[in-house]
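**Student:** Give the three-dimensional model of this entry:
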Amino acid sequence: MIIQVNQHNAYAYTGGKSPNPELPTVVFIHGAQNDHSVWALQSRYFAHHGFNVLAVDLPGHGRSQGPALTSGEAMADWLVALLDAAQIPQAHLVGHSMGSLIALETSAKAAGRVGSLCLLGTAYPMKVSDTLLSAALDQEQTAIDMVNIWSHTSIAHKPSFPGPGFSVLGGSQRLMQRMSKINPDTLFYTDFFACNAYANGEAAALTVKCPTLFLIGKKDMMTPPKATAILTKAITHAKVTLIENCGHSLMTEQSDAVLNALFAFIKG
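**Tutor:** You can find the predicted model right below:
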């Protein structure tokens, strides 16, 4: 689905279903150097079980046009503009990593537009090491390799992995390489710099009144469970769920567990 947002084409995957104004809407927001495809299983399931789905490509990512935005605040403004353009008065927001910060900031900017908030692989502050930021500027492939190694647990590489013949880590690497090819203007650095610089997380979290779910990979090295402490303390009514045998790439490493948790929470 193509939506005109701020004079640029924006793409959102709808799960193979046309939007129905009588159904609730779930918006899936990807993380740094990714696109809508990281939500393939979850978004399609929701679309075929009673929800409108918009799994967005952020500007400069995937099929969405325009330059990549440089701050969490600007990305949240873009998301509100997309809801306006798609004529969606309220949506459930599901965000992963950088996308979780976008969802959080959106809930602060437009509280009435957010029915519930699901934050996956989140942290605040979402600090990025100087080594990784430097590599993102000068050695992007090295940076991609670093992030993918840190984002996956060992189960993703074992012969006993539940998807034999399929490499979760390899697929993630190829997606990030494709994003670089589509947008060679230091996309990796732009995204990770935005995560590192975002400074409104605690203030935004204190304003959250809607139902909120934290989904955390128990073995996440990128955004470890303890890094959610500021946000979970601020959103006292939130539900916190730890996913076993899972790193930062929750949606692919433990896709069924993530889907089940999201659907049960949003369906209510």
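**Student:** Buried residues, stretch 135-144. List them.
**Tutor:** 135-136, 140, 143-144 (16 or more other C-beta atoms under 10 Å). Every C-beta, even on glycine, is put in place using the N, C-alpha and C of the backbone.
**Student:** Redo those residues as TSV? Include pLDDT.
**Tutor:** Below are the buried residues of stretch 135-144 laid out as TSV (pLDDT from 0 to 100):
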residue	pLDDT
135	93
136	92
140	90
143	93
144	93
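**Student:** Would you mind putting those residues into a markdown table with secondary structure and distance to residue 10 alongside?
**Tutor:** Converted to a markdown table, the buried residues of stretch 135-144 look like this (DSSP: H, G, I helix; E, B strand; the rest coil; distance: C-beta to C-beta, whole Å):
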| residue | secondary structure | distance to residue 10 |
| --- | --- | --- |
| 135 | helix | 29 |
| 136 | helix | 24 |
| 140 | helix | 25 |
| 143 | helix | 26 |
| 144 | helix | 25 |
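**Student:** tell me which of those is nearest to residue 184?
**Tutor:** Lowest distance from residue 184 to the buried residues of stretch 135-144 (C-beta to C-beta) belongs to residue 140, with 9.0 Å.
**Student:** who's in contact with the closest one?
**Tutor:** Residues in contact with residue 140, defined by C-beta atoms under 8 Å, 6 or more residues apart in numbering, are 180, 186, 188-189.
**Student:** now swap in residue 73 and tell me
**Tutor:** 105, 109, 198, 200.
**Student:** can you pull the contacts of the first one?
**Tutor:** Contacts were defined as C-beta under 8 Å, 6+ apart; by that measure residue 105 touches 72-73, 75-76, 198, 200, 204.
**Student:** what about it, which helix or strand?
**Tutor:** helix 98-109 (DSSP states H and E).
**Student:** and residue 207, how many neighbours?
**Tutor:** Applying other C-beta atoms under 10 Å, we find 13 residues neighbouring residue 207.
**Student:** And residue 214, by the same measure?
**Tutor:** Neighbour number of residue 214 under other C-beta under 10 Å is 21.
**Student:** same deal with residue 4?
**Tutor:** 13.
**Student:** Next: residue 109.
**Tutor:** By the criterion of other C-beta under 10 Å, residue 109 has 17 neighbours.
**Student:** ok, now how distant is it from residue 263?
**Tutor:** Remark: distance between residue 109 and residue 263 (C-beta to C-beta, to the nearest Å) = 26 Å.
**Student:** swap in residue 27?
**Tutor:** In terms of C-beta to C-beta, residue 27 sits 15 Å off from residue 263.
**Student:** Which residue of these two possesses the greater neighbour count?
**Tutor:** In terms of neighbours (other C-beta under 10 Å), residue 27 is the more surrounded of residue 27 and residue 263; the figures are 27 against 16.
**Student:** Output the contacting helices and strands for the helix or strand containing that one.
**Tutor:** If you go by DSSP H and E, residue 27 is part of strand 25-29. Helices and strands touching strand 25-29, by 3 or more C-beta pairs under 8 Å, 6 or more residues apart in numbering; DSSP states H and E, are helix 40-47, strand 52-56, helix 72-85, strand 91-96, helix 98-109.
**Student:** Report the two members of the contacts of residue 73 separated by the largest distance.
**Tutor:** Most distant of the contacts of residue 73, by C-beta to C-beta, are 109 and 198, 13.3 Å apart.
**Student:** Just the CA trace of the strand holding residue 27, in CSV.
**Tutor:** Presented in CSV, the C-alpha positions along strand 25-29 are these (Å, rounded to 0.1, in the frame of the first residue of the first chain):
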residue,chain,number,x,y,z
THR,A,25,-5.5,-1.1,13.1
VAL,A,26,-2.1,-2.3,14.2
VAL,A,27,1.0,-0.4,13.0
PHE,A,28,4.3,-2.3,13.0
ILE,A,29,7.5,-0.1,13.1
